[in-house]
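> Here is a sequence together with a model predicted from it:
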Amino acid sequence: MSEADQNELLFVPLGGAGEIGMNLNLFAYGEPGDHDWLMVDLGVTFNDGSLPGVDLILPDLAFIEDQRDRLLAIVLTHAHEDHLGAVPYLWPRLRCPVYATPFTATILKRKLAEVDLLDEVEINIVPLNGRFSIGPFDLELITLTHSIPEPNGIALRTPLGTVLHTGDWKFDPDPVVGATADEDALRRLGDEGVLAIVCDSTNVFSAGDSGSEGDLLASLTEAIGECAGKVAVACFATNVARLETIAKAARANGRDVVTAGRSLRRIEAASRENGYLEDVSAFIDEGDAGFLPDDKTLIICTGSQGEPRAALARIAFQDHPNVTLGEGDTVIFSSRVIPGNEAAIGRYR
């Protein structure tokens, strides 16, 4: 009997399966009861308002924590909070190496520095489309497109077959920032043979195409051009392509761009460090917003999903220290409502 005949390949999701957020996926290979484990992503989810006093919800590590001596590594697909946001809080209970592409690693390092873990966590930076081995797993990153730079699918090859873990993805012919999805690599993988696909896509049940980031510039430029006073545009801080689109639309209308929200400043710095936003002038800090004429001001805000601590919420409830909006000003939501956030967004009215 061969080694492969004695072994098994397991997939165990501890978060993110059948829900939005808190992604934590485990793959195992080895003899029954004697497995090497690999974790893909370690994210958070956000409170929907049903748990008073709670901001973040973390996955339950009990299953893998009991076997952490056989946990080889954490591999991150991309830098969204629901895929890496739990690492700073839960890594001390796992203490294994982390693998990520350059932009994702930059975001993670900043988060680890905030909790004094930067010097403790071993971070291995993998190039885009990189191929590497961790224990019995042969991994290949496949570039996809998403609302953040460097989203990766992962082909996990084992003696028992290959599993494609997609991470978050869509097919965008003009993503504005980053490369298009590597469809050739996906075809080659299909020709090679795939045992299973672990697929993650928030809008999988919505019929039709998702649309391209590149299609938004003209309509957003037109919408901003119709505004007389200040303009605030709410979006996800991590959507670097949207930041570039908004900045170009603002420039076309003679407006300077102000960023409101710590996460936006952090993402801007990480983006420029990794070669993104090269064609966009540096954004103006929110502390200087009051020195700009109203009709020359565009404010990019966090809080497009009604997050209570985000910049837009504080502006709406007149609790922001630097940014105010009043009669004649306009707020543009440049994001789709994530199911479950309707009530939170409605509080802004």
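Great, that's in hand.
> switch to C-alpha atoms for all contacts and neighbour counts from now on
Will do.
> tell me the contacts of residue 277?
240, 244, 268, 271 (Cα atoms under 8 Å, 6 or more residues apart in numbering).
> Same check on residue 229?
Contact analysis of residue 229 by Cα under 8 Å, 6+ apart lists 294, 295, 297, 328, 329, 330.
> picking that back up, by neighbours, which of the contacts of residue 277 wins?
In terms of neighbours by other Cα atoms under 10 Å, the contacts of residue 277 top out with residue 240 at 23 neighbours.
> Next, the residue lying closest to that one once chain neighbours are set aside: secondary structure please.
Counting by Cα to Cα, 6 or more residues apart in numbering, residue 148 is the residue found nearest to residue 240 once chain neighbours are left out, at 5.9 Å. Three-state call for residue 148 (DSSP: H, G, I helix; E, B strand; the rest coil): coil.
> Hmm, residue 77 and residue 148 touching each other?
No - when contacts are counted by Cα atoms under 8 Å, residue 148 is not listed as touching residue 77 (11.0 Å).
> More neighbours: which of those two?
residue 77 (27 against 23).
> Might you report the residue contacts of the more buried one?
Residue 77 touches 40, 41, 83, 100, 151, 152, 153, 154, 167, counting by Cα under 8 Å, 6+ apart.
> Just those residues: which are in helices?
Among the contacts of residue 77, DSSP state H puts residue 83 in helices.
> Buried ones only from the contacts of residue 229, please, as a ChimeraX command.
To isolate the buried subset of the contacts of residue 229 in ChimeraX, counting by 16 or more other Cα atoms under 10 Å, use the following:
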select :294,295,297,330
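> re the thing from before, what about the contacts of residue 77, which one has the most neighbours?
Most surrounded of those: other Cα under 10 Å gives residue 41, at 31 neighbours.
> State the distance from that one to residue 234.
For residue 41, the distance to residue 234 equals 27 Å [Cα to Cα, to the nearest Å].
> all helices for the stretch 151-300 of the chain, in order.
183-192, 216-225, 240-252, 262-273 (DSSP state H, counting those that start in this stretch).
> now the helices: where do they sit in the stretch 1-150 of the chain?
Under DSSP H, counting those that start in this stretch, the stretch 1-150 of the chain gives helices at 3-6, 62-65, 81-84, 87-90, 102-114.
> quick one: the second one to chain centroid distance?
What it means is helix 62-65. 25 Å (Cα atoms, centre = their mean, to the nearest Å).
> Give the buried residues for that helix.
residue 64.
> For it, list the C-alpha coordinates in CSV.
These are the backbone C-alpha positions of helix 62-65, laid out as CSV (Å, rounded to 0.1, in the frame of the first residue of the first chain):
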residue,chain,number,x,y,z
ALA,A,62,-10.5,25.5,20.2
PHE,A,63,-10.3,22.7,17.6
ILE,A,64,-7.0,23.7,16.0
GLU,A,65,-5.5,25.1,19.2
